[in-house]
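K.L.:
need coordinates for the below:
(one chain, ligands or ions: 1)
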Amino acid sequence: MGAQIIDGKAIADGLRETVRARVEERVHRRQPRPGLAVVLIGDAPASLVYVRNKKLACEWVGMNSFEFSRPAVTSEAKLLDLIGQLNADERVNGILIQLPLPGHIDTNKVIEAISPDKDVDGFHPYNIGRLNIGRPVYRPCTPQGIMSLLEFTGIKLAGMDAVIVGRSNIVGRPLIAELLDKDCTPTICHSYTRDIGDQVRGADIVIAAVGRPGFIQGTWIKPGAIVIDVGINHLPNGRLSGDVDFESARQVAGYITPVPGGVGPMTIACLLQNTLIAAESR
Ligand code: GUN
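P.N.:
Presented below is the predicted three-dimensional model:
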């Protein structure tokens, strides 16, 4: 029969529209427009695209965006200084430092320099800690978007076995806390896992975030499972591929997200939502 496609773009459009309406209400009440500072160090092509999309999304919902593009040779001290200025700037409600950073900059140090109440990425140890004790303030955007997609299916998540492939700080690790909060039983697989296929075969929910095109095969998918593909891989032929072999997986899964048009648009919508929350909680 084939899986139902989870239309992340349509769900994200709905969320963005809600944010846009709330920004308009603020403006109507003569409150300042929320402001997001986006910092890009270097000119990695993928990062340039992400930063441009974030800026366009801010404009679409009526938020102010402040872009700070700096050369790849920018020193850590200079970047920390910029973050200090943004922490103190009243027009800036949220600060996003586009990752990855060049190798000479300590990413953890940079993240910890962001004021936790402007950390709309949800990466600061304070926000990660709050998420892990079930009292989140700012939740990392991609895991938050994934949870919205899972909830959108209308399927009862409690009791489900969820397998996450990939243990990054941005996606895999925060997802453990998110899934636990919905009473799922999460397992995380990584490069040292003995048999990833075997783990995936038992999963009611599969979340792929490994950065390897077509890594998760249809033969691994349990019939009826929900498959969430976080991968955005650029193929030599110019096309995009997720981490899941979409054509084989869709034959078996109950629900599946496409690439593009699945998780990606949700990440940006959740960033806008976090920035709105930051402005409203001032
Ligand atoms: N690079 C890849 N994903 C993200 C993200 O969600 N936030 C930031 N700041 N950088 C990223």
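
K.L.:
next, the residue in the stretch 1-150 of the chain that the ligand sits nearest to: secondary structure please.
P.N.:
Across the stretch 1-150 of the chain, the shortest distance to the ligand (Cβ to the nearest ligand atom) belongs to Leu99, at 3.6 Å. Any C-beta I mention is one placed from the backbone N, CA and C, and that applies to glycine too. Each residue gets one of three states, and Leu99 gets coil by DSSP: H, G, I helix; E, B strand; the rest coil.

K.L.:
pull the contacting residues for it.
P.N.:
By Cβ atoms under 8 Å, 6 or more residues apart in numbering, the contact list for Leu99 reads 107, 170.

K.L.:
and the most centrally placed residue in the chain, what helix or strand is that in?
P.N.:
What sits nearest the mean C-alpha location of the chain, by Cα atoms, centre = their mean, is Thr142, with 1.7 Å. Under the assignment given by DSSP states H and E, the secondary-structure element containing Thr142 is helix 141-152.

K.L.:
that older thread, ok, the residue nearest to the centre of the chain to Gln4 distance?
P.N.:
Taken as Cβ to Cβ, to the nearest Å, the spacing of Thr142 relative to Gln4 amounts to 22 Å.

K.L.:
rewinding a little: is the residue nearest to the centre of the chain in contact with Ile170, as I believe?
P.N.:
Yes. Taking contact to mean Cβ atoms under 8 Å, the distance of 6.2 Å between Thr142 and Ile170 places them in contact.

K.L.:
returning to what we had before: just the CA trace of the helix or strand following the helix holding Thr142, in CSV.
P.N.:
On the C-terminal side of helix 141-152, the closest following helix or strand by DSSP H and E is strand 161-165. What follows is strand 161-165 as a C-alpha-only set of coordinates in CSV (Å, rounded to 0.1, in the frame of the first residue of the first chain):
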residue,chain,number,x,y,z
ASP,A,161,10.3,1.8,20.7
ALA,A,162,12.2,4.6,19.0
VAL,A,163,15.6,4.1,17.4
ILE,A,164,17.7,7.2,16.6
VAL,A,165,20.6,6.7,14.3
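
K.L.:
report the mean per-residue pLDDT for strand 161-165.
P.N.:
In this model, strand 161-165 has an average pLDDT of 99.

K.L.:
please apply the same query to stretch 3-14.
P.N.:
On average, the pLDDT along stretch 3-14 is 98.

K.L.:
what about Arg282, neighbour count?
P.N.:
Other residues near Arg282 number 11, with proximity taken as other Cβ atoms under 10 Å.

K.L.:
if I pick it, what's in contact with it?
P.N.:
Arg282 is in contact with Asn93, counting by Cβ under 8 Å, 6+ apart.
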